[in-house]
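Undergrad: using only what follows, build the 3D model:
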Amino acid sequence: MEKVNFHDKDSIFPNKQWILKEDSTNPFAEEEELLIGMIEKFVEEQVTPNLDKLEAHDYEIARELFRATGELGLLGAEVPEAYGGLEMGKRMAGIIAEKMGFGGSFSVSFNIHTGVGTLPFVYFGSEKQKTRYLPKLVSGEWVGAYALTEPDAGSDALSAKTTAKKAVDGSGWTLNGEKQWITNAHIAQVYVVFANTSDGITAFVVERDQPGVSVGPEEKKLGIKGSSTATLILEDVRLKEEDILGEVGKGHKIALNILNLARLKLAFANIGTSKQALRLAVEYGKERKQFKQPIIHFGMVQEKLANMALEIYGAESAAYYTVNRLDEMEQDNKGDILERLSDYAMACSINKVKASETLDYVIDEAVQIHGGYGYMQEYEVERIYRDARINRIFEGTNEINRLTTAKAFLKQYTKDSSVILSVEKEENIFIRYANQLLRMVLNALSETGELPHLDQFHLHRLALILEDIYLMQATEIKAMLEKDSLYINLADVFCEEAYQRVEKHTIALLASISEEMETYEERIREVRSFPVLYTNIIAKKQTIAKEMINRNGF
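TA: Here you go, the predicted structure:
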C-alpha cells in the first residue's frame, strides 16, 4: 500500500490529494476484522449481561471486566510495547473505542482509563513512572482516573483551587483540595491530579492507598450509572518530587493535550453507540406492525433512518480521517510531538461535538421509532437515551469546544491564510462553494477589523461553518476510498445539506457585520450567485433507508 503523506500541506481541512491509490488495500483489514469480532463477542458475552450489576455499583465486576480487557490486549493500543502495550496507533484505538461504545456505561469507564487515565503517562511520564504504572494499567491490574474538574472549575478547568505546597526543605509536596465528578473514582488505583503551585498548574500522580486520599459517595446521575463517579478528597497528601508528572507549572500542557485526545476517543465511542441505536431502531421497525404492516415500510420512518445514517456517516468519516492524520504524524517523527498535537485541537473539538450531537439525534429518533415502548426501561433504547445526554457536557461542553474550534482556526488563519484549501478544481460544487463562502465571511470580517476579537455570537457561527466544511470533505474522502454506492449516496446528500447550512450561517454573519444595507445586499447577491444545482435528495434518502433496512443498520 502506498503511504499517505498527510503533511505535505499545513491545511486544517482534509485534502483529496492524500487519497490512496485506487488499487491499494488496507494491510490491516484482516487484523481489524478479527479485533472487531473479538470486541463484539466480549461486549455481548461479558459486558451486556453485567450492566445491571455495574449500575448497582458492583466494583468487583468492574475490576474483573478491566482485567478481562487487559488480557485481550484492549487497554494498550496506544501504549509502547516496552511497557506491555501493543503500540497499534490511533486508528486501532478508535476502532476499539467505537466497538466498546456498544457496552453502555462500561465504555465510559473504559475510555477514561485508556485515555486520560493512561495517555498522560505515555506522553509526559518519566521513565520511572512509565515503568511503574503503564504495565499495571495495560494489564487491567490497576484502573486509572483523571482529576481536573472542581466545584468551581468546570469549563474554566485551569482555575483550580486544589493546592500543592512545596516543603521548605524541598523534601516534597503537600496536596489539599477536592476534585469533583471523577470517573472511575471508586475503582481507580492511580489518579492524575492537577493542582495549583506557586509556579502554576502542575500535574501529580496520586495513588489510592496514600494517606490523606479518600473518595466520596457515588453521585446520583441521570445516566451512565454503571460508571463510578465521585469526589476525590485530598487532605494533606504527602508527595515526592518523583510524583510530579511532566514539569512544575506546565500542567496546562498536559491537561489541554490529553483532553484533545480524549475528545477524539469519546467521539469514537459515541459513533459506536449511535450505530447501536440505529440497529435497534431498524430491528424494532421490522417487528412492530401498525395498520397491518411493519412500520419500517412507512415513508416517515424511512426518512428518519436515512437521516440517522447521514449523521453517523458524517461523524464516522471525520473521526477516521482525523486518526489517520494523527497516526501519520506520530510515524514521521518530525519535531516535538506534543507541540504538534496542539495543532489538532480544532479537529478533536469538531469530532467531539459532531459525534455527541449525532448520538443525541440518533437515539432520540430511535426512541421515537419505538413509540411508547421506547420510554419503557425494558427496552434498551431507554438506557441509551439517558446515557447519551452527558456526552455534550463532559470532556469540555460543546459550547467550549465550538469556541476552541473557531479560535484554533483563527490562530492558524491569521498566520497563514492558505489553511483554507484552494478548491478551484474541486469537482464537488458544494465543497467548492462552501469554502468560497468561508472566504467571503473572513474577508468581510477582516475589512471591519473584527476578526481578531470576535464575540461568542460570531465565533459560534464561524465554528458551525468550519465543522460542516471539515465534515463535507471527510465524507467525500471516505466515499472515494470505499467505492460503495451507499457511501457515495451518503456523501452526496451530506454535502448538499451541509452546504445549505453553511449558506445560512454565512448570511447570518454577513447580516451582523454589514453596516450599510447596500453593502449587505451586494454580499447576499454574491452568496446566491453561486451556480449550485440541488438534486433529488428525497429519492437518495429513500435509497439510503432501504440500504439501512437491508443491512440491519449502519
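
Undergrad: what's stretch 495-506 in contact with?
TA: For stretch 495-506, contacts defined as CB atoms under 8 Å, 6 or more residues apart in numbering pick out 310, 314, 428, 430-431, 433-434, 437-438, 440-441, 461, 464-465, 468-469, 471-472, 475-476, 527, 532, 534-535, 537. Backbone N, C-alpha and C define where each C-beta goes, glycine included.

Undergrad: filter those down to the buried ones, PyMOL style.
TA: If you want just the buried ones from those in PyMOL, going by 16 or more other CB atoms under 10 Å, the selection is:
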select buried, resi 310+314+428+430+431+433+434+437+438+440+441+461+464+465+468+469+471+472+475+476+527
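
Undergrad: off-centre distance for stretch 526-539?
TA: On the basis of CA atoms, centre = their mean, to the nearest Å, stretch 526-539 is displaced by 31 Å from the centre of the chain it belongs to.

Undergrad: export it as PDB, just CAs?
TA: Extracted in PDB, the C-alpha atoms of stretch 526-539 (Å, rounded to 0.1, in the frame of the first residue of the first chain):
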ATOM      1  CA  GLU A 526     -22.900  37.200  -4.300                       C
ATOM      2  CA  VAL A 527     -23.800  34.400  -1.900                       C
ATOM      3  CA  ARG A 528     -26.800  33.400  -4.100                       C
ATOM      4  CA  SER A 529     -24.900  33.800  -7.400                       C
ATOM      5  CA  PHE A 530     -23.000  30.600  -7.000                       C
ATOM      6  CA  PRO A 531     -24.100  28.100  -9.600                       C
ATOM      7  CA  VAL A 532     -25.200  25.400  -7.100                       C
ATOM      8  CA  LEU A 533     -27.600  22.800  -8.600                       C
ATOM      9  CA  TYR A 534     -29.600  21.000  -6.000                       C
ATOM     10  CA  THR A 535     -30.500  17.300  -6.600                       C
ATOM     11  CA  ASN A 536     -33.400  15.000  -5.700                       C
ATOM     12  CA  ILE A 537     -32.500  14.400  -2.100                       C
ATOM     13  CA  ILE A 538     -35.800  12.600  -1.300                       C
ATOM     14  CA  ALA A 539     -35.000   9.900  -3.800                       C
END
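
Undergrad: inside helices: which ones of the contacts of stretch 495-506?
TA: 310, 314, 430-431, 433-434, 437-438, 440-441, 461, 464-465, 468-469, 471-472, 475-476, 527, 537 (DSSP state H).

Undergrad: quick check: chain neighbours aside, which residue is closest to Phe530?
TA: Tyr433 (4.4 Å; CB to CB, 6 or more residues apart in numbering).

Undergrad: and if you look at Ile296?
TA: Gly285 (3.6 Å).

Undergrad: what are the buried residues along the helix or strand where that neighbour lies?
TA: Assigned by DSSP states H and E, Gly285 belongs to helix 251-287. Of all the residues in helix 251-287, those buried under the rule 16+ other CB under 10 Å are 251-282, 284-285.

Undergrad: next helix or strand past it?
TA: Downstream of helix 251-287 (by DSSP H and E), the next one is strand 289-290.

Undergrad: quick one: contacts of that next one?
TA: Contacting residues not belonging to strand 289-290 are listed as Ile295 [CB under 8 Å, 6+ apart].

Undergrad: partners of that strand, with directions?
TA: In the sheet, strand 289-290 lines up against strand 293-294 (antiparallel) (DSSP bridges).

Undergrad: now find how far off-centre the partner strand is within its chain.
TA: How far strand 293-294 lies from its chain's middle: 37 Å, per CA atoms, centre = their mean.

Undergrad: then stretch 491-502?
TA: Chain-centre distance of stretch 491-502: 21 Å, with CA atoms, centre = their mean.

Undergrad: so where does Phe13 fall, helix or strand?
TA: Going by DSSP H and E, Phe13 is not in any helix or strand.

Undergrad: hmm, it is touching Ile420, no?
TA: Yes. With contact defined as CB atoms under 8 Å, Phe13 and Ile420 form a contacting pair (7.2 Å).

Undergrad: shared neighbours, the two?
TA: Common contacts of Phe13 and Ile420, defined by CB under 8 Å, 6+ apart, comprise Asn435.

Undergrad: helices or strands next to the host helix or strand of Asn443 in the packing?
TA: If you go by DSSP H and E, Asn443 is part of helix 429-448. When contacts are defined as 3 or more CB pairs under 8 Å, 6 or more residues apart in numbering; DSSP states H and E, helix 429-448 packs onto helix 456-482, helix 485-513, helix 517-527.

Undergrad: now, of the ones you listed, which is deepest in the fold?
TA: helix 456-482 (a mean of 22; mean count of other CB atoms under 10 Å).

Undergrad: mind checking the SS state of Ala164?
TA: Under the three-state scheme (DSSP: H, G, I helix; E, B strand; the rest coil), Ala164 adopts strand.

Undergrad: er, Lys425 I mean
TA: Applying three-state DSSP: Lys425 is coil.

Undergrad: so what's the residue count around it?
TA: For Lys425, the count of nearby residues is 6 (other CB atoms under 10 Å).

Undergrad: now do it against Pro14, distance only.
TA: Per CB to CB, to the nearest Å, Lys425 is found 15 Å from Pro14.

Undergrad: count of neighbours near Gln290?
TA: Using other CB under 10 Å, Gln290 has 9 neighbouring residues.

Undergrad: just list whatever residues bridge to it.
TA: Applying DSSP bridges, one finds that Gln290 bridges with Gln293.

Undergrad: okay, it: pLDDT?
TA: The model reports Gln290 with a pLDDT of 95.

Undergrad: what of the one 10 residues further on?
TA: Looking at Met300, its pLDDT is 97.

Undergrad: can I get the helices and strands packed on helix 429-448 in TSV with mean pLDDT and distance to Ile544?
TA: Shown next, in TSV, are those (pLDDT from 0 to 100; distance: least, CB to CB, whole Å):
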stretch	mean pLDDT	distance to Ile544
helix 456-482	95	13
helix 485-513	95	6
helix 517-527	87	29
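
Undergrad: between those, which one is closest to Ala153.
TA: Ranking the helices and strands packed on helix 429-448 by proximity to Ala153 (CB to CB) places helix 456-482 first, at 19.9 Å.

Undergrad: okay, the helices and strands packed on helix 429-448 in CSV with distance to Ser105 next?
TA: Output for the helices and strands packed on helix 429-448, formatted as CSV (distance: least, CB to CB, whole Å):
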stretch, distance to Ser105
helix 456-482, 28
helix 485-513, 30
helix 517-527, 45
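
Undergrad: re earlier: how near is the residue nearest to Ile296 to Glu311?
TA: In terms of CB to CB, Gly285 sits 17 Å off from Glu311.

Undergrad: so what does the residue sitting furthest away from the middle of the chain look like in phi/psi?
TA: Taking CA atoms, centre = their mean as the measure, the residue most remote from the mean C-alpha position of the chain is Asp169, 44.1 Å away. Backbone dihedrals for Asp169, given as degrees, to the nearest 10, come out at phi -80, psi 0.

Undergrad: repeat that for Trp181.
TA: phi 60, psi 50.

Undergrad: show me what contacts it?
TA: 149, 219, 229, 231, 394.

Undergrad: drop anything exposed from those.
TA: Applying 16+ other CB under 10 Å to the contacts of Trp181 flags 149, 229, 231, 394 as buried.

Undergrad: could you dump those residues into a markdown table and include pLDDT and secondary structure?
TA: As requested, those are exported to a markdown table (pLDDT from 0 to 100; DSSP: H, G, I helix; E, B strand; the rest coil):
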| residue | pLDDT | secondary structure |
| --- | --- | --- |
| Thr149 | 93 | coil |
| Thr229 | 98 | strand |
| Thr231 | 98 | strand |
| Phe394 | 92 | coil |
